[in-house]
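Student: Structure for the following, please:
(chains A and B)
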Amino acid sequence: MKDEPSKRLMPVTRRTLLAGIAAMPFLTTGVAPVMAADYPTAAVNATGLAVTDDTVKVGILHSVTGTMAISETGSVQAEKLAIEQINAMGGVLGRKIEFIQEDGASDWPTFAEKAKKLLVQDKTAAVFGCWTSASRKAVLPVFEQYNGMLYYPTFYEGLEESPNVIYTGQEATQQILAGIDWVVKEKGAKSFYLLGSDYIWPRTSNKIARKHIEKLGLEVVGEEYYPLGHTQFNSVINKIKLKKPDVIYAIVVGGSNVAFYKQLKAAGIDLSKEKPLLLTISVTEDEILGIGGENMAGAYAMMKYFQSLENDNNKQFVAEFKKMWGDNIVIGDVTQAAYLGPWLWKAAVEKAGSFDIDKVKAASPGIELTTAPEGYVKIHENHHLWSKARVGHAQLDGQYKVVYETTDLMEPNPFPEGYQ
Amino acid sequence: MTSETFLFKQREWVALAILAALILLVLPATVDIFRLNLVGKYLTYAFVALGLVLCWGLGGILSLGQGIFFGLGGYCMAMFLKLEASTPEATKIQSTPGIPDFMDWNQVTELPFWWQPFHSFGFTLIAIVAVPTAFAYVIGAAMFKRRVGGVYFAIITQAVAAILTILIIGQQGYTGGVNGITDLRTLLGWDIRTDDAKFVLYFVNAVLLIGCLVLAQFVRVSKFGRLLVAMRDREDRVRFSGYDVSNFKIFVFCLAAAFSAVGGAMFTLQVGFMSPSFVGIVPSIEMVIFCAVGGRLSLFGAVYGALLVNFAKTSFSESFPELWLFAMGGLFIAVVMAFPFGLAGVIREHVEPALLKFTRSVALLRPGAAAAPSSSK
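Tutor: Numbers count the residues shown, from 1 in each chain, chains lettered A, B, ... in the order given. Have a look, this model is predicted:
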């Protein structure tokens, strides 16, 4: 890229702070809103989408029942918040967003059925949804066949680049590489023990991590996988004690996390002593709610967003989120990425001057968002986001303290050469 | 009434005609292609429910693992379609072009030998029925020859369903794991994702279903069907009469498996992917529910049960995305409490007598017919 996007983030002084607040989208009610009359419906909707003179329909497709509901609820809340804020400032091309929510029920075929309903029957102009890779794989052919637009919020394994999807989470190399470099440089790590839940995301992520570790001339002393929902980690914990790695690199997913971290503690591995140090890419603030801050304290996580980020966008976002959904709520990486979806879509529609999917697709690369809670983001040609990589240190209260962030934005690279 | 006619009784001919008219004429004529495709998906579950009527309703063998066979049939079809979609040109960005994408993601560099035969459509068609049936034979022979039945059999089928799910998920390099086998495109060069293809597949599915229904009815009215009922009610007497009970049980279990497998293959074709979420315990129990709601003694009830429950599932979840599971639970409890014989029971006990009464009273009102009942005394 020619320009260096990260340089546009100004140092925070009082003046820029005020300017920043004024620039915040949900506060700019004083600015003359875009009038729908300037954009006649026939012109902005040439392909029969659900767009009228004053409304536009979008879909929200997450699991609100079943095992994934606990993870996906945050995304639903974030998307609803973003839509409400966009409507409060006049909508998109002067049209209010109406959302149709469907339940994927933690069941991949149901996701495909509902995605098809949202596109074929409801003619939604965009869909914000999915969480697991399996659900994304199930809906992907539907979005490509019926030419829909999906904003997918989760950090994931990469190896995919669909023109019909904007990936607002990190792909694996963005999430992993900088964090491993940091732990090697700052903590002097020499040996790693990789473990994870047994499916495509942990396996691919571990493959990338292993290649990177080996490139640095360091050692992987073990690599193991356990089925989703597995709760007996004693044998692997014993192996870890035997091999004494510097770093446990864990990608345990969902409910298994609770068992894993509790058993680690019960086996006498105190994460805050950092012997071994624990590095994860799968535990956000949402998961810590289940694991318990006291079991997780001292671990490190590699993400692009933590609730505790010290910037004005984020403070505003956290305040608005809590106002809408209650004070006790926590906000994890994926929730923030889900929040970006409606905003990125709005920006692309306004740049294209049309809701038509093909025009939104064409307009998307290069879209930037200076108001993102995580800081500045920009859509890459490959439909992933340029974003920073950060390392958080888990605290007793269930929050992460940011101990490292990359100075530049990481380039998304879903098909990393040399890591496959 | 002359009720004994070929294969079906008179009232059953009427029921068959109504069902055929509904799924072959009324639904395609009134429902748009998106909803019709959903109906087609529901009807694939009706295959499983048909098998359960024979196996459970007549034979008294409750299988809580029909998803195994539905899934195996579906996976056989999905493997063929996946190989067709994984041409070297279509997969040239992979490190090993020409193999399915999920194999490439899992560092598999060569197509496993047991995938090779699925390049052939003929082999696939045979495998869709043969693989699940053979597996059912193995389970059936192992259980019934040892006189394992009732609750124990139900539990074992559940265990097998769980084992198979874990196996599929664990061997993700060869099976696609949790994601399943996705992104299926063409069948012998014919794009199955277009609306026209969906329309054609719907009819293929409906005709196959009616074919299976007639076959099931043939089994039901045959001597074998009577033996099944006898076995269900008094197994020891059938055995003492000199029949080998276990062979009959194995046969009906295999037949139910074959029906399920056909349903699974049609599911893959219409929905465009297959995943382990159809193999496990939950979907298997759901399939028993379709059968129970329809009426476990009625073949027609099984089809209507599958349609109704899935229709309710779709419409509840579209209207109340966060509460729909409660509505479904309420529906099942209500059906089981109020109508133990399901929809078919309701029709037989309430609707048919009322209809009969109505036609009689119409006949009475007709001049000349009024004297008929008294003169018949």
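Student: Whichever residue of the stretch 51-200 of chain A sits closest to chain B pairs with what?
Tutor: Nearest to chain B in the stretch 51-200 of chain A, going by CB to the nearest CB, is residue A:103, at a distance of 3.9 Å. In short, each C-beta sits where N, CA and C put it, glycine included. Here residue A:103 shows beta-bridge partners residue A:62, assigned using DSSP bridges.
Student: can I assume it is in contact with residue B:322?
Tutor: Yes: assessed by CB atoms under 8 Å, residue A:103 is found in contact with residue B:322 at 7.0 Å.
Student: shared neighbours, the two?
Tutor: A:64, A:65 (CB atoms under 8 Å, 6 or more residues apart in numbering or on different chains).
Student: These two: which has the busier surroundings?
Tutor: More neighbours surround residue A:103 than the other of residue A:103 and residue B:322, with 28 against 14 (other CB atoms under 10 Å in any protein chain shown).
Student: For residue B:282, see how far away that one is.
Tutor: Distance, residue A:103 to residue B:282, by CB to CB, to the nearest Å: 16 Å.
Student: try residue B:192
Tutor: Separation of residue B:192 from residue B:282 (CB to CB): 27 Å.
Student: Residue B:98 too?
Tutor: Using CB to CB, residue B:98 is found at 36 Å from residue B:282.
Student: Could you do residue B:297 as well?
Tutor: For residue B:297 relative to residue B:282 (CB to CB), the value is 25 Å.
Student: quick one, which of those two is more surrounded?
Tutor: Under the criterion of other CB under 10 Å, the comparison of residue B:297 against residue B:282 puts residue B:297 first, with 19 against 15.
Student: quick one: pLDDT of the residue of the stretch 1-150 of chain B found nearest chain A?
Tutor: Relative to chain A, the nearest point of the stretch 1-150 of chain B is residue B:34 (4.4 Å; CB to the nearest CB). In this prediction, residue B:34 carries a pLDDT score of 87.
Student: what about it, is that helix, strand or coil?
Tutor: helix (DSSP: H, G, I helix; E, B strand; the rest coil).
Student: Run through the residues that contact it.
Tutor: Counted by CB under 8 Å, 6+ apart, residue B:34 has contacts A:116, A:117, A:120, A:121.
Student: Name the helix or strand for residue A:97, please.
Tutor: In the assignment (DSSP states H and E), residue A:97 maps to strand A:96-103.
Student: Residue 91: how many residues sit nearby?
Tutor: Reading this off chain A. 20.
Student: try again with chain B
Tutor: Residues contacting residue B:91 under the criterion other CB under 10 Å number 18.
Student: State whether it is indeed within a helix.
Tutor: No: per three-state DSSP, residue B:91 lies outside any helix segment and is coil.
Student: In contact with it, which residues are there?
Tutor: By CB under 8 Å, 6+ apart, the contact set of residue B:91 is B:97, B:98, B:99, B:100, B:101, B:104.
Student: With residue A:400 instead?
Tutor: Applying CB under 8 Å, 6+ apart to residue A:400 gives the contacts A:285, A:301, A:303, A:306, A:307, A:308, A:392, A:393, A:394.
Student: could you redo the last one with a cut-off of 10 Å?
Tutor: A:283-285, A:288, A:296, A:299-301, A:303, A:305-309, A:332-333, A:390-394 (CB atoms under 10 Å, 6 or more residues apart in numbering or on different chains).
Student: cool, residue A:154 as well?
Tutor: Here residue A:154 is in contact with A:71-72, A:75, A:130-133, A:135-136, A:167-170, A:201, A:333-334, A:337-338 (CB under 10 Å, 6+ apart).
Student: swap the cut-off to 8 Å and go again
Tutor: With contact taken as CB under 8 Å, 6+ apart, residue A:154 is in contact with A:130, A:131, A:132, A:133, A:136, A:169, A:334, A:337.
Student: what ranges do the helices span in the stretch 151-300 of chain B?
Tutor: Remark: helices assigned in the stretch 151-300 of chain B by DSSP state H, counting those that start in this stretch are B:172-175, B:195-221, B:223-233, B:235-240, B:245-271, B:281-294, B:299-319.
Student: go on, the stretch 251-400 of chain A?
Tutor: Assigned by DSSP H, counting those that start in this stretch, the stretch 251-400 of chain A shows helices spanning A:256-266, A:285-291, A:293-296, A:312-325, A:333-352, A:357-363.
Student: Enumerate the residues of the stretch 251-377 of chain B near chain A.
Tutor: B:271-273, B:275, B:277-278, B:314, B:317-318, B:321-322, B:324-325 (CB under 8 Å from any CB of the partner chain).
Student: Please identify which of these is nearest to chain A.
Tutor: Nearest to chain A among these: residue B:321, at 3.9 Å, using CB to the nearest CB.
Student: Now for that closest one, how many residues are close by?
Tutor: When counting by other CB under 10 Å, one arrives at 22 neighbours for residue B:321.
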